[in-house]
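Participant: Quick check, what structure comes out for this input:
(2 chains)
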Number of protein chains: 2
Amino acid sequence: MCEANAYLRKGKEEELLIEAVDKLIPIEGEVIKLINIFGQQKVLKARIVELALVDHRIILEEISE
Amino acid sequence: MCEANAYLRKGKEEELLIEAVDKLIPIEGEVIKLINIFGQQKVLKARIVELALVDHRIILEEISE
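Facilitator: Below you'll find the predicted structure:
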């Protein structure tokens, strides 16, 4: 399977947000929806820092206002 | 390997932009850099419509101004 784990970068740390992500769908206003292979969802205001698919990693950074 | 093909959505059509993408890196001003496992790069002004990792698909839409 080719899902990826999504991490939230906080300074120098990375926190696992959701594992085994299948779909990433940007919805309006910089909101990103992540859906994993188990049907779990996370919706958050974030930007993509990097996708590294061979490493199975999605790196996000939360947008704070 | 868990790379994905990147497609550019144009209306109802999807055009293969670059295959076997490993990295997707958003750079400033909605510019996206794609790097595949062969070291080939594409840089374009686009937004992500959807990532579907289990299907190995990255769907982008070009931003025209």
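
Participant: Spatially nearest residue to A:Val31 (excluding sequence neighbours)?
Facilitator: Ranked by CB to CB, 6 or more residues apart in numbering or on different chains and with sequence neighbours excluded, the top spatial neighbour of A:Val31 is A:Lys45, at 5.4 Å. Quick note: C-beta positions are derived from backbone N, CA and C, even for glycine.

Participant: Quick check: the gap between A:Gln9 and chain B.
Facilitator: Check again: residue A:9 is Arg, not Gln. If you measure A:Arg9 against chain B using CB to the nearest CB, to the nearest Å, the figure is 13 Å.

Participant: what's the helix or strand for the residue nearest to A:Val31?
Facilitator: Under the criterion of DSSP states H and E, A:Lys45 resides in strand A:41-52.

Participant: can you tell me the average pLDDT over that strand?
Facilitator: Here the mean pLDDT over strand A:41-52 is 96, rounded to a whole number.

Participant: Past it, which element shows up next along the chain?
Facilitator: strand A:57-62.

Participant: Pull up the pairing partners for that following strand, direction included.
Facilitator: Each strand that strand A:57-62 pairs with, and the sense of that pairing, follows from DSSP bridges: strand A:4-10 (parallel), strand A:41-52 (antiparallel).

Participant: Direction included, what does the lengthiest strand in chain A pair against?
Facilitator: With residue count as the measure and DSSP state E as the assignment, chain A has strand A:13-27 as its longest strand. As defined by DSSP bridges, the strand partners of strand A:13-27 come to strand A:4-10 (antiparallel), strand A:31-36 (antiparallel), strand B:41-52 (antiparallel).

Participant: you'd agree A:Ile63 is up against A:Lys45?
Facilitator: Yes. Checked against CB atoms under 8 Å, the pair A:Ile63 and A:Lys45 is within contact range at 4.8 Å.

Participant: Just put the strands paired with strand A:13-27 in CSV and tack on mean neighbour count and distance to B:Ala4.
Facilitator: Below are the strands paired with strand A:13-27 laid out as CSV (neighbours: other CB atoms under 10 Å in any protein chain shown; distance: least, CB to CB, whole Å):
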stretch, mean neighbour count, distance to B:Ala4
strand A:4-10, 19, 10
strand A:31-36, 18, 16
strand B:41-52, 17, 7
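
Participant: If anything else comes up later, I'll come back, but that's it for now.
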